[in-house]
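[1] Provide a 3D model corresponding to the input given below.
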Amino acid sequence: MSRTLSIGMTGQDVADLQAALNYHLRPAAPPHTPPGPARPPLSVDGKFGPNTDARLREFQRVNGLVDDGVVGQMTRPLLTKAKQVTVKIPINTKEEPPISRSLASVRTADIFNFGLTPAAQISPATVPVGQTKPLIAQVQLQNRQVQSGGSLTLDPIIGPGSQSAASVLSVQWTWVEQRDGRHLELALGGQLAAVPLTLETFGLSSSAQSFAQVTIADVLAVDAANLHLFSPSAQISYQANFVQGVLKSMAAGVSIQNQIAWDLEKRGNNPVFSLFCQQQLAWTYDLADRKGTLAPGALFGAIWQTNLF
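    Here you go, the predicted structure:
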């Protein structure tokens, strides 16, 4: 199993890390990134020191990751990925359309080797001539979030129920489409909500929910102010409802939402701490009573992105 690497560690896998960083960051010309003057190569000595740490953090920023100086499950796949180059090959004085080729000529020893076979490290792949940019770009796990705050459910438009307020704590894993500006986000997570009962009962009505959500992020955003104003989403959920610790009902739900978020702290391109307000219109179907409720609501609070789970 590959180790999670950080400053102060030594070994062959650290030497492989240094070789991979030299491959990705040192040259100034495409297809390597970022552009600019050539960087002095790291010493491939297997010692994770300050120079290796600084070069790793630069690599993480370039690739839109949290620059924490740790090689984990987010950073490792990008280090093992060979860069692509587009070339034009003239034949009989006529230029053929661009052909994308993998840099298969790069020596395997120069690529980050965390127990991967050479075939897994560099997989030559060609894109057919004339292929257009895919509608949906590559999607990868980008972050894990903890959200806390409060929710307000208004009087229902359809079905039984009444206005209520609750405290909310949720966690979610988010997969992000790797492109700038407007993009897709896919989220899986769980949520706990607690609603205080009357003073006479001294108890709580609570619910536990699992959900899946798809979001079109940053349809409208103000980058200079780190404001995300319009990111519509659709969510499906399954919920268990409790009263004083006793399971009372199960419910399924479908909702459409929009979230407004303000990023207060960022690392590179990644928000770390944000405030948010989410508006929603939710249809909830009680599986025991066989009754559905359509009600508007709002959720507001704070988001913390974490690597703890």
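[2] going forward, measure contacts between C-alpha atoms and count neighbours the same way
    OK.
[3] what phi and what psi does the backbone show at Ala225?
    phi -100, psi 0 (degrees, to the nearest 10).
[4] need the contact list for it.
    Trp262 (CA atoms under 8 Å, 6 or more residues apart in numbering).
[5] Would you agree Ala19 falls within a helix?
    Yes. Assessed with DSSP: H, G, I helix; E, B strand; the rest coil, Ala19 lies in a helix.
[6] Going by neighbour count, list what's buried in the longest strand seen in the chain.
    Using DSSP state E to define each element, the chain has its longest strand at strand 246-267. Of all the residues in strand 246-267, those buried under the rule 16 or more other CA atoms under 10 Å are 250-263.
[7] What segments of this protein are strands?
    84-87, 90-91, 94-95, 99-102, 139-153, 164-177, 183-196, 204-217, 220-222, 227-230, 232-243, 246-267, 270-286, 291-306.
[8] any chance of those in CSV, plus mean pLDDT?
    CSV is the format used below for the strands of the chain (pLDDT from 0 to 100):
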stretch, mean pLDDT
strand 84-87, 45
strand 90-91, 53
strand 94-95, 49
strand 99-102, 44
strand 139-153, 89
strand 164-177, 91
strand 183-196, 89
strand 204-217, 91
strand 220-222, 89
strand 227-230, 92
strand 232-243, 92
strand 246-267, 91
strand 270-286, 92
strand 291-306, 93
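[9] Reformat the ones you listed as CSV; add distance to Tyr23.
    Shown next, in CSV, are those (distance: least, CA to CA, whole Å):
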stretch, distance to Tyr23
strand 84-87, 13
strand 90-91, 29
strand 94-95, 30
strand 99-102, 14
strand 139-153, 23
strand 164-177, 25
strand 183-196, 29
strand 204-217, 33
strand 220-222, 35
strand 227-230, 35
strand 232-243, 39
strand 246-267, 24
strand 270-286, 24
strand 291-306, 29
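[10] domains of the protein?
    Following automatic domain parsing, one finds the domains of the chain at 12-121, 139-306.
[11] Give me the distance between the two termini of the longest one.
    Going back to what we said before, that points to domain 139-306. Start-to-end span of domain 139-306 (CA to CA, to the nearest Å) is 19 Å.
[12] Tell me how far the residue nearest to Ile260 when sequence neighbours are not counted lies from Asn270.
    Of all residues not flanking Ile260 in the chain, Leu229 sits nearest, at 4.7 Å (CA to CA, 6 or more residues apart in numbering). Using CA to CA, Leu229 is found at 17 Å from Asn270.
[13] what do you get for Gln305?
    Distance from Gln305 to Asn270, by CA to CA: 9 Å.
[14] hey, what's the closest residue to Leu275 other than its chain neighbours bridged with?
    Using CA to CA, 6+ apart and skipping residues adjacent in sequence, the residue nearest Leu275 is Ala302, 4.4 Å away. Going by DSSP bridges, Ala302 is paired in beta bridges with Ser148, Leu275.
[15] number of nearby residues for Ala302?
    Residue crowding around Ala302 was assessed by other CA atoms under 10 Å; the count is 18.
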